[in-house]
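>>> fold the following, please.
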Amino acid sequence: MDLDYNGGNTTNTNKRVFHRLGGGQSVNDTSNQHNHQHQQNQKVCYHWRAGKCNRFPCPFLHRELPAPPPHASVNGGGGGGAKRGFAGNDSSSFSGRRGGNSNYSNSWGRFGNKGDVRGVKRVSVEKVCNFWVQGNCSFGDKCRYLHSWSLGDGFSLVTQLEGHQKVISGIALPSGSDKLYTGSKDETVRVWDCQSGQCTGVINLGGEVGCMISEGPWIFVGLPNVVKAWNTQTNADLSLNGPIGQVYALVVGNDLLFAGTQDGSILVWKFNAATYNFEPAVSLKDHKMAVVSLVVGANRLYSGSMDHSIKVWSLETLQCIQTLTDHTSVVMSLLCWEQFLLSCSLDQTIKAWAATESGNLKVTFTHNEEHGLLTLCGMHDLEGKPVLLCSSNDNSVHLYDLPSFSEKGKMFAKQEIRAIQTGPGGLFFTGDGTGQVRVWNSVAVPTTTT
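This next block holds a predicted model:
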């Protein structure tokens, strides 16, 4: 592995900030519906509790009392384009930690409000002004197009990271490291200092990065015909052979590493602490085309494929126990949240799956969009409310409150956003087709009191 350092260091060490959503995880708040900021009545809406309030703004609360506990604040928020650091001073993360306990009570009812009420006031044209991007729009505030890379309140652009030449296919924040890692189809992984925002190293891999994840101090990179693994604490550098074609998806669960490959196989490795190596365990062959998305939750592995199906695998037996065929195009991304599996597809839908009495998964809600959908990511805002981020092939990312699917914001890019990752203290990262990485910050929206 060829690592070219450009210098730079920092004394800050962030704890692990991204915990993958899994089965049995929960949140601190059962509100999940975007509240109007002028809401005064402290009574909880009866119709919202029944899952069918269609008033916006509603004069009653769309959350259970008491209010969620406050989250830690963030260092250095706001401001677009400034080349400054983006590390928070805390390690706040999803409230539903893997293996953690929770007193969450599932009282919010079903997904989606009747009427699909939206939480964002839409402008006439949701398109970024090309002249504004070039710095020479003569219309100013009167321009009919957006003079911003985002629409909606509650988040802001912190900085932009330039250097990659092709689409960003993975973003990782390994535990115990003060560095951000970004992988691209330009065949490199770049290392960024979380304090200065500067690139401190470029790793040349000799193949397109199809995906990249971190688990503890380990970073795993999917390449053509191989998975690279290196430990940011011990500097161990491993090559895991066996994949045929591009590796499109990686996930860790039950002490196993899974890789979704171009030939439709899912390769499995088990870590051997004695030899400090990953040993091949099995190859799961059931998909007919490439496996492009993987997620672990509820003691299950879920795989999405170009064959339009989702397969459910037991983590104990590594046997396929169910095949889901409701999507009509490529299943691009999967996410586990609470007792639900969320999936998005190029068929322009997000589907929420839940287990029936028989234990099999069934679609309980379908959210329709106008464009093909690419990537799902889950996070919590600074009030502890769960938010779903979903990118689409119109070069935008939608932000939805869960479980209502009311839209609370939107972000834009010059090309498709294929990678989204959460960070410390409300930070999150997006990578687009031009190779640009943007750092965003969730910010508290002030409420009006009378």
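
>>> for burial, what's the neighbour tally of residue 162?
Per other Cβ atoms under 10 Å, the neighbour tally for residue 162 reads 12. C-beta coordinates here come from the backbone N, C-alpha and C atoms, glycine included.

>>> then residue 331?
Going by other Cβ under 10 Å, the residues that sit close to residue 331 add up to 28.

>>> in the sheet, who's paired with it?
Beta-bridge partners recorded for residue 331 (DSSP bridges): residue 345.

>>> now do the same contact list for it.
292-293, 304-305, 308-310, 343-345 (Cβ atoms under 8 Å, 6 or more residues apart in numbering).

>>> relative to residue 217, how far out is it?
As defined by Cβ to Cβ, to the nearest Å, residue 331 lies at a distance of 30 Å from residue 217.

>>> and what of residue 165?
If you measure residue 165 against residue 217 using Cβ to Cβ, the figure is 28 Å.

>>> do residue 137 as well
46 Å.

>>> buried stuff in the strand ranked longest in the chain?
Counting residues, the longest strand in the chain under DSSP state E turns out to be strand 237-253. Judged by neighbour count (16 or more other Cβ atoms under 10 Å), strand 237-253 contains these buried residues: 240, 242-243, 246-253.

>>> can you check stretch 434-446 too?
By neighbour count on 16+ other Cβ under 10 Å, the buried set for stretch 434-446 is 434-445.

>>> tell me which of the residues you listed fall in helices.
With helices defined by DSSP state H, no entry of those lies inside them.

>>> please produce TSV containing these, extended by pLDDT and distance to residue 260.
TSV is the format used below for the buried residues of stretch 434-446 (pLDDT from 0 to 100; distance: Cβ to Cβ, whole Å):
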residue	pLDDT	distance to residue 260
434	94	25
435	96	23
436	94	26
437	96	23
438	93	26
439	93	28
440	90	27
441	88	32
442	82	30
443	72	35
444	55	38
445	52	38
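
>>> let me know the closest of those residues to residue 272.
Nearest to residue 272, judged by Cβ to Cβ, of those is residue 437 at 34.3 Å.

>>> just give the closest residue to the closest one, not the sequence neighbours.
residue 161 (4.0 Å; Cβ to Cβ, 6 or more residues apart in numbering).

>>> wait, the one you found sits on residue 194?
No. Using Cβ atoms under 8 Å, residue 161 is not in contact with residue 194; the gap is 11.0 Å.

>>> quick revisit: so of the buried residues of stretch 434-446, which ones are in strands?
437-442.

>>> report the two of these separated the most.
The largest separation in these, counting by Cβ to Cβ, is between 437 and 442 at 17.3 Å.

>>> in a markdown table, list the buried residues of strand 237-253 along with distance to residue 228 and pLDDT.
Listed next are the buried residues of strand 237-253 as a markdown table, based on distance: Cβ to Cβ, whole Å; pLDDT from 0 to 100:
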| residue | distance to residue 228 | pLDDT |
| --- | --- | --- |
| 240 | 8 | 96 |
| 242 | 13 | 94 |
| 243 | 11 | 96 |
| 246 | 13 | 98 |
| 247 | 10 | 98 |
| 248 | 15 | 98 |
| 249 | 15 | 98 |
| 250 | 11 | 97 |
| 251 | 16 | 97 |
| 252 | 15 | 95 |
| 253 | 20 | 92 |
